[in-house]
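Enquirer: Got a predicted structure plus its sequence, pasted below:
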Amino acid sequence: MDRIPAGNGFVPQVLSIEGMTKYEEGVGLILSSWMALQMAVQNEWGGRESRQKEQKFEVDIVAWLTRSIEHVILMNWRKCLMRT
C-alpha cells in the first residue's frame, strides 16, 4: 500500500481489489509457513474442524488488519477536520 503526503503526515491509500487479493494471499502464505499451526491442523489438535478453524483464523486476521487500516484512515481524517 503506497502512502501519499497529506499535510504533516501520510494517509494510507485504499487497497484495490487486486491489492486486497494479494494481501489475503500473503496472510495465507505466512500462516501456511507457521509450522506449529500446520502441525496442529494436520494432527487435528483443534478437533475434527481444525482445517475450518485455520481458515476462519486466516479470515479473522485479514478482517482485523483491514479494520485497523480503516481506523488509521478515519483517525487521520478526524485530525484534518479538527485543524480546520
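Expert: Happy to help now that I have it.
Enquirer: so where do the helices sit in this protein?
Expert: Residue ranges of the helices in the chain, as given by DSSP state H, are 17-32, 35-42, 50-83.
Enquirer: any idea how far residue 21 lies from residue 37?
Expert: Distance of residue 21 to residue 37, computed by Cβ to Cβ, to the nearest Å: 22 Å. The way it works is simple: take the backbone N, C-alpha and C, and place the C-beta from them, glycine included.
Enquirer: quick one: which of the two has more around it?
Expert: A direct count of neighbours by other Cβ atoms under 10 Å for residue 21 and residue 37 places residue 37 higher, at 18 against 11.
Enquirer: for that one, what are its contacts?
Expert: Residues touching residue 37, when contacts are defined by Cβ atoms under 8 Å, 6 or more residues apart in numbering, comprise 31, 54, 57.
Enquirer: repeat that for 10 Å
Expert: By Cβ atoms under 10 Å, 6 or more residues apart in numbering, the contact set of residue 37 is 30, 31, 45, 46, 50, 54, 57, 58.
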